[in-house]
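Colleague: Here is my input, please return the structure:
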Amino acid sequence: MKKRIAVYPGSFDPITNGHLDIILRGLDIFDELIVAVAHNVTKKSLFSIDERLKLIRETVKDYPQVRVDTFKGLLVDYVIRQNARIVLRGLRAVSDFENEFQLAQMNHTMNTQLETLFMMTSVSYGYLSSSIVKEVAAWGGNIDEFVPNCVKNALKEKFHRD
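Modeller: The predicted structure follows:
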(Lines give C-alpha, C1' and ligand atoms only; values in the text may rest on other atoms or scores of the structure.)
Protein backbone atom coordinates (compact mmCIF):
# COMPACT_ATOMS: atom_id res chain seq x y z
CA MET A 1 0.00 0.00 0.00
CA LYS A 2 1.26 3.44 -0.93
CA LYS A 3 2.24 5.73 1.93
CA ARG A 4 -0.22 8.59 2.44
CA ILE A 5 1.86 11.78 2.67
CA ALA A 6 0.42 15.25 3.12
CA VAL A 7 2.06 18.66 3.19
CA TYR A 8 0.86 21.24 5.71
CA PRO A 9 2.31 24.53 4.44
CA GLY A 10 2.33 27.88 6.16
CA SER A 11 4.44 30.64 7.59
CA PHE A 12 4.09 29.40 11.20
CA ASP A 13 5.36 32.71 12.59
CA PRO A 14 5.10 31.28 15.21
CA ILE A 15 3.46 27.87 15.46
CA THR A 16 0.38 27.98 17.70
CA ASN A 17 -1.72 25.38 19.48
CA GLY A 18 -4.20 25.78 16.61
CA HIS A 19 -1.53 24.66 14.14
CA LEU A 20 -0.61 21.79 16.46
CA ASP A 21 -4.27 20.75 16.60
CA ILE A 22 -4.36 20.48 12.78
CA ILE A 23 -1.08 18.53 12.78
CA LEU A 24 -2.27 16.00 15.35
CA ARG A 25 -5.62 15.52 13.67
CA GLY A 26 -3.84 15.20 10.33
CA LEU A 27 -1.83 12.31 11.75
CA ASP A 28 -5.09 10.39 12.16
CA ILE A 29 -5.53 10.56 8.38
CA PHE A 30 -2.01 10.48 6.93
CA ASP A 31 0.98 8.19 7.41
CA GLU A 32 3.38 11.13 7.20
CA LEU A 33 2.80 14.84 7.54
CA ILE A 34 5.31 17.38 6.32
CA VAL A 35 5.05 20.75 8.05
CA ALA A 36 6.51 23.01 5.38
CA VAL A 37 7.55 26.55 6.27
CA ALA A 38 7.16 28.74 3.22
CA HIS A 39 9.57 31.51 2.32
CA ASN A 40 7.06 34.31 1.87
CA VAL A 41 8.71 37.47 0.59
CA THR A 42 5.50 39.49 1.02
CA LYS A 43 5.32 38.94 4.81
CA LYS A 44 7.49 40.55 7.45
CA SER A 45 8.26 37.80 9.92
CA LEU A 46 9.12 38.08 13.60
CA PHE A 47 11.05 34.80 13.59
CA SER A 48 13.61 33.78 10.99
CA ILE A 49 13.04 30.61 8.97
CA ASP A 50 15.62 28.79 11.10
CA GLU A 51 13.95 29.93 14.32
CA ARG A 52 10.55 28.79 13.08
CA LEU A 53 11.93 25.41 12.03
CA LYS A 54 13.51 24.97 15.46
CA LEU A 55 10.28 25.89 17.28
CA ILE A 56 8.18 23.55 15.14
CA ARG A 57 10.67 20.69 15.56
CA GLU A 58 10.63 21.18 19.33
CA THR A 59 6.82 21.21 19.29
CA VAL A 60 6.46 17.96 17.28
CA LYS A 61 9.51 16.09 18.60
CA ASP A 62 7.32 13.30 20.02
CA TYR A 63 5.70 12.58 16.64
CA PRO A 64 8.13 10.73 14.34
CA GLN A 65 5.60 10.75 11.50
CA VAL A 66 5.91 14.54 11.29
CA ARG A 67 8.73 15.97 9.22
CA VAL A 68 9.57 19.67 9.35
CA ASP A 69 10.97 21.32 6.24
CA THR A 70 11.09 24.61 4.37
CA PHE A 71 10.62 25.50 0.73
CA LYS A 72 10.90 28.32 -1.77
CA GLY A 73 8.87 28.60 -4.92
CA LEU A 74 5.56 27.07 -5.86
CA LEU A 75 3.81 24.81 -3.40
CA VAL A 76 2.72 22.42 -6.20
CA ASP A 77 6.34 21.80 -7.17
CA TYR A 78 7.36 21.20 -3.56
CA VAL A 79 4.49 18.76 -2.93
CA ILE A 80 5.40 16.69 -5.98
CA ARG A 81 9.09 16.62 -4.97
CA GLN A 82 7.97 15.16 -1.64
CA ASN A 83 6.01 12.36 -3.37
CA ALA A 84 2.82 13.73 -1.86
CA ARG A 85 -0.52 14.52 -3.48
CA ILE A 86 -2.34 16.20 -0.61
CA VAL A 87 -2.08 19.71 0.78
CA LEU A 88 -3.58 20.02 4.25
CA ARG A 89 -4.99 23.43 5.17
CA GLY A 90 -6.67 24.57 8.35
CA LEU A 91 -9.69 26.85 8.19
CA ARG A 92 -10.77 29.03 11.10
CA ALA A 93 -13.68 30.87 9.53
CA VAL A 94 -15.51 31.51 6.29
CA SER A 95 -13.13 34.42 5.67
CA ASP A 96 -10.22 31.95 5.43
CA PHE A 97 -12.09 29.81 2.93
CA GLU A 98 -12.27 32.35 0.11
CA ASN A 99 -8.51 32.77 -0.24
CA GLU A 100 -7.77 29.10 0.45
CA PHE A 101 -10.33 28.03 -2.16
CA GLN A 102 -8.62 30.18 -4.80
CA LEU A 103 -5.22 28.76 -3.92
CA ALA A 104 -6.53 25.19 -4.00
CA GLN A 105 -8.14 25.74 -7.41
CA MET A 106 -4.94 27.29 -8.79
CA ASN A 107 -2.81 24.44 -7.42
CA HIS A 108 -5.18 21.82 -8.85
CA THR A 109 -5.19 23.57 -12.22
CA MET A 110 -1.37 23.55 -12.28
CA ASN A 111 -1.30 19.88 -11.29
CA THR A 112 -4.51 17.85 -11.46
CA GLN A 113 -2.92 15.11 -9.28
CA LEU A 114 -2.79 17.53 -6.36
CA GLU A 115 -5.73 17.75 -3.93
CA THR A 116 -6.32 20.07 -1.00
CA LEU A 117 -7.93 18.83 2.19
CA PHE A 118 -9.54 21.57 4.28
CA MET A 119 -9.76 20.81 7.98
CA MET A 120 -11.79 23.04 10.27
CA THR A 121 -9.91 24.09 13.37
CA SER A 122 -11.25 22.87 16.66
CA VAL A 123 -13.75 25.28 18.17
CA SER A 124 -11.35 26.15 20.96
CA TYR A 125 -8.85 27.55 18.41
CA GLY A 126 -11.22 29.16 15.92
CA TYR A 127 -10.14 32.69 16.86
CA LEU A 128 -6.42 31.99 17.18
CA SER A 129 -3.79 33.27 14.78
CA SER A 130 -0.05 33.82 14.92
CA SER A 131 -0.65 37.56 14.46
CA ILE A 132 -2.94 37.76 17.48
CA VAL A 133 -0.50 35.75 19.60
CA LYS A 134 2.38 38.08 18.65
CA GLU A 135 0.32 41.14 19.52
CA VAL A 136 -0.74 39.76 22.91
CA ALA A 137 2.86 38.73 23.64
CA ALA A 138 4.20 42.13 22.61
CA TRP A 139 1.95 43.77 25.19
CA GLY A 140 2.96 41.29 27.88
CA GLY A 141 -0.31 39.34 27.91
CA ASN A 142 -0.61 35.74 29.01
CA ILE A 143 -0.23 33.42 26.00
CA ASP A 144 0.08 30.11 27.89
CA GLU A 145 -3.04 28.54 26.39
CA PHE A 146 -2.27 29.71 22.84
CA VAL A 147 1.22 28.34 22.11
CA PRO A 148 3.58 25.54 23.08
CA ASN A 149 5.94 26.35 25.93
CA CYS A 150 8.99 26.70 23.66
CA VAL A 151 7.14 29.34 21.63
CA LYS A 152 6.06 31.20 24.75
CA ASN A 153 9.71 31.39 25.84
CA ALA A 154 10.88 32.48 22.39
CA LEU A 155 8.25 35.24 22.28
CA LYS A 156 9.26 36.46 25.73
CA GLU A 157 12.84 36.62 24.52
CA LYS A 158 11.86 38.51 21.35
CA PHE A 159 9.90 41.05 23.35
CA HIS A 160 12.33 41.06 26.31
CA ARG A 161 9.68 40.17 28.85
CA ASP A 162 10.17 38.22 32.09
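
Colleague: List of residues touching the helix-or-strand element of the chain with minimal mean pLDDT?
Modeller: Sorted by mean pLDDT, DSSP states H and E, the helices and strands of the chain end with helix 94-110, the least confident at a mean of 89. Residues external to helix 94-110 that are found in contact with it (C-beta atoms under 8 Å, 6 or more residues apart in numbering): 74-76, 87, 89-91, 114-116, 118. Every residue, glycine included, has its C-beta placed from N, CA and C.

Colleague: Show the average pLDDT along the helix or strand harbouring Leu117.
Modeller: Assigning secondary structure by DSSP states H and E places Leu117 in strand 115-120. Model confidence over strand 115-120 averages 95 on the pLDDT scale.

Colleague: Repeat that for stretch 59-79.
Modeller: If you average the pLDDT over stretch 59-79, you get 97.

Colleague: what does stretch 133-144 give?
Modeller: Within the predicted structure, the mean pLDDT of stretch 133-144 is 95.

Colleague: Distance from that stretch to the middle of the chain?
Modeller: For stretch 133-144, the distance between its averaged C-alpha position and the chain's averaged C-alpha position is 19 Å (C-alpha atoms, centre = their mean, to the nearest Å).
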